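[1] Sequence first, then the predicted structure:
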Amino acid sequence: MSVRVHRVNFFNYNPSAVRCAAYNQPEELLAISRDDETIDIWTTKATLYHMYSVAATGYTVDCLTWAGHESLLAGSEQGEILQISSTLRSITSTTDGQGGAVCCFAQPSDNPTVSDSQTIYVGTQDGGIRIFTLCGTDLIYDSTFALLKSRVSCLSFAPDATKLASGSSNQIKLWDVSTRRCGLRIRLDDPTVRRSQCLVNRIAFISLSTLLSVDSLGRFSVWSARFGTLSQCVQSHQGSLTSLCVDRDAVYLSGVHPLLVKFVRSVETGNPDGVWIKVWQTQNHSHAVNQLLLISDSRLLSMGVDSRICITMATRKRSRGCRSNPRRTALLSGLPHSNRVYIAQPTNHIVLQYPTHLELWRLGEPVKNPPKSTNPWTPLQTPPTKLLHLTAKNESPILLAAISLDSHWLVYRNESGLAVFYLSVDGDSVLLDKLMVADVRVSKATHLAIGWSSADKCCVVAVTSDGLVFIECDRATLEGGVTQQSRVLDGKSVHLMAAGGSKLLAVCGRDWSLEVHHSNGRGRPLDVALPRRCVPVCAMGLDEVKRTLIVAYVDHKVYEWNLKTGEETAFSTELNSCANWPPVYRTPNSAKPSGVSINPINRDQFIMQSHDGVILLDRSRVVCKTPLRESGEVVDRKNSIPDNHEPLPGVLVFNNRFHNVLFGGFTREGDLVVVERSNEAIMQSLPPPLKVKRFGR
């Protein structure tokens, strides 16, 4: 099985750095704030999977905390506290922080779901500690707890919630929560050095009598919470320490120098507080680490300026005579899981979605009869051409985009609303006609696609809070209006949407239920019941010719459902009964599939791409030679695959050929298109890392 590949390397998309993160243990939800003013929501149930992103346009989020069952609070440099609902997947309200930029949060209880009313302590830029109360969905300002001379960089409650520790410039203060008075003041600056500055970045209680802190001088300090005396101080890093994670008697540190260090407490005779000893150190990032989080199953997450998320097994069983060293299980790319590239197969046009503008390109034409050569790459007869550069109004961030199959219609959504354009492509020139869509509900759409289209009209499908909304656009009148609304699958529960062309539209709910609708403006669903797996869906593909739906799940399983009968196809049954599927390099922490595309020439072939590679499958050639299930019993997958097993027939895995894949699709000739971003290009877009002086250099 061979295929010709278009490698697109001119998409200069750079992932955004991670600023902060927060973890909700009861709901197993992870929130990550990035530099591009977006907040990513991940789930950690069984595996780490990116579910959706919330656009915080105009706000730079520096701190996050979970409050209530499904409420996320985000503190911004603009002085606003954003309240985000994980049910609506949007910002529901904003509240003034009452003191400039919001720097940190703290809650008296470690469990954010103990009651409907929650008390939130907020540290601000003017040195104030404010108290807010979350009553249901309303965040109400209560009072000012204390005022300091410099900004409050961190807050932490004691285990019994009777003391509150605050960190700022050159000092740590311990407050009595009931009386609101400062009981202890700890100075960190050197009195012998004039104007010495030391910023406390993180503090944490490990007991009622012990307080830990890390500062901008790279020091890890252990303090007595009763007397304010220094018990131990270790120069851990060169440069500022920005992250601290505590797990019982273990501490994990990292900072501007991306060295991850673990300390454990060793109890000695005569010293009840013990001594902290460095156990191991490792480096998984190239730039500064801004956040460390310990989630279930002893998985330690580290993230920072290089935008990647590293999963490290922090606690491992140690065999006799061996050290318990850390093991990096996965390094997830910072590229977005949602689509940023859109292709029109009949015209070989692709649209590249940048943060504030769109680019329309025409792919290069390969040589039809290339000369025989040992070079595996086919030469191009005409190079790729950039046809259009479309900047959004007021350069507001573009959240969604879509292009029709005939390249006549282009649509995108930003905070201002929905913009629809009619394109007239003549050679290398493009003429634009903008259509007005006067509908406020569409401006909050979470998914966007173009159903049917013609030379004069098209139907734009949007997912809003009212369900599926079909907008018929007419070039003659330069207007667009809502023609039909479908409430079969409530818009608040839509997780994914995939268009199969001009006839069908697949929708996946947040309960992982599947529905297929007609995209002709009527919104009428097909009269077929599709099975539902209790596993998150991460990608879908519709085959309108064969009337099948291909669904990829986070466990790397692929199922194909017949849209006429609602049953699993023979290809899907054969594929999922093989012991060597998924491929052996696919682990639960690997990058999840982000797209499914079907070959327009050979309908039996389709690809499934993720950030770390592309897999090509041929439905007519897949034959199971190593069955996973024998005589009704489930066999261990690792033990059922022989060491010299052959690849699965009909499956072509591009594992190490492509890196940082943003898109995978097919052209009208059936050639594979892979849009990727090299590691070297991403590294060049990042600031220079901290240079550590070494002996002899």
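    Thanks, I have the structure now.

[2] where does the stretch 351-500 of the chain have low pLDDT?
    Residue ranges of the stretch 351-500 of the chain with pLDDT under 70: 372-378, 437-441, 478-493, 500.

[3] now Pro379, nearest residue through space, not along the chain?
    Spatial nearest neighbour of Pro379, excluding adjacent residues (CB to CB, 6 or more residues apart in numbering): Val367 at 5.1 Å. C-beta here means a position set from N, CA and C on the backbone, and glycine is covered the same way.

[4] Who does Ala539 form a beta bridge with?
    Ala552 (DSSP bridges).

[5] likewise Leu616?
    What pairs with Leu616, by the bridge criterion (DSSP bridges), is Ile607, Leu652.

[6] got the contact list for it?
    Contact partners of Leu616, counting by CB atoms under 8 Å, 6 or more residues apart in numbering, are Met1, Val3, Gln605, Phe606, Ile607, Val651, Leu652, Val653, Phe654, Leu672.

[7] re the thing from before, settle this for me: the residue nearest to Pro379 is touching Leu380, isn't it.
    Yes - here Val367 reaches Leu380: they are 7.0 Å apart, a contact under CB atoms under 8 Å.

[8] Look at these two and report which has more neighbours.
    Leu380 (14 against 11; other CB atoms under 10 Å).

[9] show me where the stretch 551-697 of the chain has strands.
    558-562, 595-598, 605-610, 613-618, 629-630, 633-634, 651-654, 661-666, 672-676 (DSSP state E, counting those that start in this stretch).

[10] Tell me which of those strands lies nearest to Thr43.
    Of all those, it is strand 605-610 that lies closest to Thr43, at 16.9 Å by CB to CB.

[11] ok, and what's touching the closest one?
    Here strand 605-610 has contacts from 3, 539, 541, 543, 550, 552, 558, 590-599, 614-619, 661, 663-666, 670, 672, 674, using CB under 8 Å, 6+ apart.

[12] Just send the contacts of Leu616 back as JSON lines, with pLDDT, distance to Ala330 and neighbour count too.
    As requested, those are exported to JSON lines (pLDDT from 0 to 100; distance: CB to CB, whole Å; neighbours: other CB atoms under 10 Å):
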{"residue": "Met1", "pLDDT": "66", "distance to Ala330": "29", "neighbour count": "11"}
{"residue": "Val3", "pLDDT": "78", "distance to Ala330": "28", "neighbour count": "16"}
{"residue": "Gln605", "pLDDT": "89", "distance to Ala330": "29", "neighbour count": "23"}
{"residue": "Phe606", "pLDDT": "90", "distance to Ala330": "26", "neighbour count": "22"}
{"residue": "Ile607", "pLDDT": "89", "distance to Ala330": "22", "neighbour count": "24"}
{"residue": "Val651", "pLDDT": "81", "distance to Ala330": "22", "neighbour count": "19"}
{"residue": "Leu652", "pLDDT": "79", "distance to Ala330": "24", "neighbour count": "17"}
{"residue": "Val653", "pLDDT": "79", "distance to Ala330": "18", "neighbour count": "18"}
{"residue": "Phe654", "pLDDT": "75", "distance to Ala330": "19", "neighbour count": "19"}
{"residue": "Leu672", "pLDDT": "88", "distance to Ala330": "26", "neighbour count": "22"}
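
[13] and of the residues you listed, the nearest to Leu29?
    Using CB to CB, Ile607 comes nearest to Leu29 of the contacts of Leu616, at 30.7 Å.

[14] I'd guessed Ala204 sits against Leu211; true?
    Yes - between Ala204 and Leu211 there is a contact under CB under 8 Å: 7.5 Å.

[15] Spit out the residues that contact those two alike.
    Common contact partners of Ala204 and Leu211 (CB under 8 Å, 6+ apart): Ser156.

[16] Start and end of stretch 436-450, how far apart?
    End-to-end span of stretch 436-450 (CA to CA, to the nearest Å): 16 Å.

[17] Repeat that for stretch 528-539.
    With CA to CA applied, stretch 528-539 spans 20 Å between its terminal residues.

[18] Give me the contacts around it.
    Defining contact as CB under 8 Å, 6+ apart, one finds that stretch 528-539 is touched by 43, 45, 49, 51, 337, 495-496, 498, 508, 511-516, 549, 551-555, 557, 559, 561, 563-566, 568, 592-596, 608.

[19] rewinding a little: same list, the contacts of Leu616, but as JSON lines with distance to Pro689 please.
    Listed next are the contacts of Leu616 as JSON lines, based on distance: CB to CB, whole Å:
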{"residue": "Met1", "distance to Pro689": "42"}
{"residue": "Val3", "distance to Pro689": "38"}
{"residue": "Gln605", "distance to Pro689": "42"}
{"residue": "Phe606", "distance to Pro689": "40"}
{"residue": "Ile607", "distance to Pro689": "35"}
{"residue": "Val651", "distance to Pro689": "39"}
{"residue": "Leu652", "distance to Pro689": "37"}
{"residue": "Val653", "distance to Pro689": "33"}
{"residue": "Phe654", "distance to Pro689": "30"}
{"residue": "Leu672", "distance to Pro689": "35"}
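
[20] what sits against Ala204?
    Ser156, Leu211, Leu212, Ser213, Leu244, Val246 are the contacts of Ala204 under CB under 8 Å, 6+ apart.

[21] for Leu184, same thing?
    With CB under 8 Å, 6+ apart, Leu184 has these contacts: Lys173, Leu174, Ala225, Phe227, Gly228.

[22] List buried members of the contacts of strand 605-610 by neighbour count.
    3, 539, 541, 543, 550, 552, 558, 590-599, 614-619, 661, 663-666, 672, 674 (16 or more other CB atoms under 10 Å).

[23] Go through the host helix or strand of Trp361 and flag the buried ones.
    Take DSSP states H and E as the rule and Trp361 turns out to sit in strand 357-362. Across strand 357-362, burial judged by 16+ other CB under 10 Å covers Leu358, Glu359, Leu360, Trp361, Arg362.

[24] Which one of those residues is nearest to Ile129?
    Among these, and counting by CB to CB, the member closest to Ile129 is Leu358, at 44.8 Å.

[25] quick one on the thing from earlier: now the strands of the stretch 551-697 of the chain in a markdown table, with distance to Arg308?
    Shown next, in a markdown table, are the strands of the stretch 551-697 of the chain (distance: least, CB to CB, whole Å):
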| stretch | distance to Arg308 |
| --- | --- |
| strand 558-562 | 26 |
| strand 595-598 | 20 |
| strand 605-610 | 15 |
| strand 613-618 | 16 |
| strand 629-630 | 37 |
| strand 633-634 | 34 |
| strand 651-654 | 21 |
| strand 661-666 | 15 |
| strand 672-676 | 16 |
